[in-house]
Each structure stands twice: as C-alpha cells, then as structure tokens.
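Trainee: kindly generate the corresponding structure for this input.
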Amino acid sequence: MFEDERDDKIYNLIITNGVDLRNEYGQFTEKLFSKVDFLWKESISGSYANAGDEFYQKVDRIILLAGLYNDNKEVFEELVNAGEKYNIPMVLVRPLGLEEVPEFLEEKAATIVGWNANCIIDSIKDAPETM
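Mentor: Here you go, the predicted structure:
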C-alpha cells in the first residue's frame with residue numbers, strides 16, 4: 001500500500017445487535033476483522049435512546065444490519081433517531097443472502113452495501129458525513 005493511501009483513522013462504530021438467529025452480527029464483524037488495514041472499535045450502549053451527547057459525538061458511523069430489523073425494530077428506531085439527531089452517517093447492510101431491505105431503513109441510510117468485505121469497508125469510509 002502506498003503511504004499516501006494509508007488510512008490510520010480508527011472508526012468508532014455502532015453495529016446493530018440483538019436477536020440474531022442467523023448470526024449476521026458475528027459474520028459482519030468477521031468481515032471487519034478480515035481487513036487488517038481497517039482500524040475500528042465498537043461503541044455499545046444498554047439504551048441507545050438514553051445515551052447522551054458525549055456518547056454519540058464519538059461515533060463515526062452507525063451500521064444497520066437489515067437482517068436483524070424484524071426482531072429488533074425498537075433498537076433500529078433508536079439508532080436511526082440518533083443518527084439523524086447527531087448527523088451520524090448510517091450504513092445499511094443488506095440481509096445476508098437477500099437484496100431487499102426495509103424501505104424505512106433504505107430512506108434513512110447514507111449508503112447500502114452487501115456482504116463483500118472490501119465494499120463494506122469502502123462504504124464505511126466513504127459514507128457522506130451529512131444527509
């Protein structure tokens with residue numbers, strides 16, 4: 001990799017989690033870990049609705065795993081509201097093996113991506129800062 005292409009930023013992510021019958025969260029984080037040149041950490045809150053300014057001001061991207069939406073609608077709504085309030089770009093990841101995403105999430109996302117590790121990283125890095 002050329003020195004001027006090197007990205008030393010550590011991306012602070014919120015990744016949707018919760019009821020996950022197909023282990024999409026685990027598979028998604030494996031994709032992130034597989035890209036050793038992508039630096040990231042995860043912010044987690046017991047209640048995203050009650051997490052305050054200090055918590056959200058450190059977050060770079062919100063990752064919405066669309067395959068988890070039906071079983072975790074409340075968490076998704078809290079994160080979408082926070083993303084809009086704090087101008088945090090939201091990256092929507094299609095359900096594993098499917099193309100369709102919930103329309104509500106598609107309208108709110110800065111970008112939509114599938115399960116290719118390189119495309120995921122590019123989407124995180126290139127997501128527009130404001131919507």
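Trainee: hang on, F76 in a helix?
Mentor: Yes - assessed by DSSP: H, G, I helix; E, B strand; the rest coil, F76 belongs to a helix.
Trainee: just checking, it touches L65?
Mentor: No - if you go by C-beta atoms under 8 Å, F76 and L65 don't touch, sitting 9.3 Å apart. Placement of C-beta: from N, CA and C, glycine included.
Trainee: list residues touching both of the two?
Mentor: Shared contacts of F76 and L65, defined by C-beta atoms under 8 Å, 6 or more residues apart in numbering, comprise T16.
Trainee: touching, A51 and S45? I think so.
Mentor: Yes - if you go by C-beta under 8 Å, A51 and S45 touch, sitting 4.1 Å apart.
Trainee: can you map out the helices along this protein?
Mentor: In the chain, the helices defined using DSSP state H lie at 24-34, 53-56, 73-86, 103-108, 117-126.
Trainee: residues contacting the residue lying closest to N17 once chain neighbours are set aside?
Mentor: Once flanking residues are discounted, N17 sits nearest to Y25: 4.9 Å by C-beta to C-beta, 6 or more residues apart in numbering. For Y25, the contacting residues are 15-17, 65, 68, by C-beta under 8 Å, 6+ apart.
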